[in-house]
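In: coordinates only, sequence not included:
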Ligand SMILES: Cc1cc2nc3c(=O)[nH]c(=O)nc-3n(C[C@H](O)[C@H](O)[C@H](O)COP(=O)(O)O)c2cc1C
């Protein structure tokens, strides 16, 4: 069985975490399934009211007694929702995307006072050190291969750099991981485990429209692009991030014409909302990572956790030792 020190820190069985995907991309059932299977589930609280955060935490607790995290985006954090999250005393508070001038320590201290472990996501070494110095218990090194909002550095270089920079604080590698090979590789790079987003979008619990799940299965991983177009459409300026999304008709229409998108933002957003509802994969931004090319089936979240753990264990026990002769 694959076990690393982070399993003791977070009281989980496998060093496999669900990213707290916001915007309705994580649901209590998905979070609970990941935690119940021995991973570390996380619920994305971005955009939710205090009441909705409490409701989600209760629904997760209804389905599992295992530890889970609540995820907040710092640059957009809503004080009432954050307070409601702390009041739930989840095992973890997962923080991401602070503004450059934001003081992280008060958020981390408050989470510690509520008895939570704190994970801090970083797309570069500097951000990782900032999170470590502010007191985070775990750093998520997020590479540019990942889906949704990401920075510039690739996981293969970022992971060991962050591991070295924040030692002895444990690091989870994120961005581009979707199977047991990825977990074994992350461990070899010095990480304590992995955190995944795209793989769980193509799970049975994911509430994405079936057409969007199918688009992930159909993708060969070569069809994503780093773009600000989804954020311009939603009207949210994201500090220090681009969004990795599929290069579809919607993105191609506005690429190089971002000024015109800004001018027509309201109409464009209405079109996106309608396209999402209709499952029109060409007319709504679809955030997923390059690892879509590694995802070939829609299965229960628990099976994703178990499969990754089994594959990595098999690799580490048999194939890799044989290489060392
Ligand atoms: C649709 C989508 C929404 C996301 N929303 C959040 C979020 O609200 N908070 C967060 O910390 N990370 C968010 N992420 C990033 C994930 O936590 C994770 O870092 C990323 O998905 C890892 O790369 P992968 O997609 O290759 O697994 C999101 C990712 C996706 C694909």
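Out: On my side now, so go ahead. All of these numbers come straight from a predicted model, not from anything done at the bench.

In: what residues does the stretch 201-325 of the chain put near the ligand?
Out: 287, 288, 289, 291 (CB under 6 Å from any ligand atom). Quick note: C-beta positions are derived from backbone N, CA and C, even for glycine.

In: of those residues, closest to the ligand?
Out: Distances from the ligand to those, taken as CB to the nearest ligand atom, are shortest for residue 289 (3.0 Å).

In: could I get the full set of strands for the stretch 51-200 of the chain?
Out: Assigned by DSSP state E, counting those that start in this stretch, the stretch 51-200 of the chain shows strands spanning 68-73, 92-96, 117-122, 138-142, 148-150, 171-174, 193-196.

In: how about a markdown table for the residues of the stretch 201-325 of the chain next to the ligand, with distance to residue 181 added?
Out: A markdown table is the format used below for these (distance: CB to CB, whole Å):
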| residue | distance to residue 181 |
| --- | --- |
| 287 | 23 |
| 288 | 19 |
| 289 | 15 |
| 291 | 11 |
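
In: quick check: the farthest pair among the residues you listed?
Out: For these, the farthest-apart pair by CB to CB is 287 and 291; their separation is 12.5 Å.

In: before we move on, back to that, so which of the residues of the stretch 201-325 of the chain next to the ligand belong to strands?
Out: Using DSSP state E, no member of those sits in strands.

In: what would the strands of the stretch 51-200 of the chain look like in CSV with mean pLDDT?
Out: Shown next, in CSV, are those (pLDDT from 0 to 100):
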stretch, mean pLDDT
strand 68-73, 98
strand 92-96, 98
strand 117-122, 98
strand 138-142, 98
strand 148-150, 97
strand 171-174, 98
strand 193-196, 98
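
In: can I get these in CSV with distance to residue 254 and mean neighbour count?
Out: Compiled in CSV, the strands of the stretch 51-200 of the chain are given as follows (distance: least, CB to CB, whole Å; neighbours: other CB atoms under 10 Å):
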stretch, distance to residue 254, mean neighbour count
strand 68-73, 24, 28
strand 92-96, 26, 28
strand 117-122, 27, 26
strand 138-142, 25, 29
strand 148-150, 18, 24
strand 171-174, 27, 30
strand 193-196, 29, 30
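
In: distance to the ligand for those - can I get that in TSV?
Out: Shown next, in TSV, are the strands of the stretch 51-200 of the chain (distance: least, CB to the nearest ligand atom, whole Å):
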stretch	distance to the ligand
strand 68-73	5
strand 92-96	3
strand 117-122	5
strand 138-142	5
strand 148-150	3
strand 171-174	4
strand 193-196	4
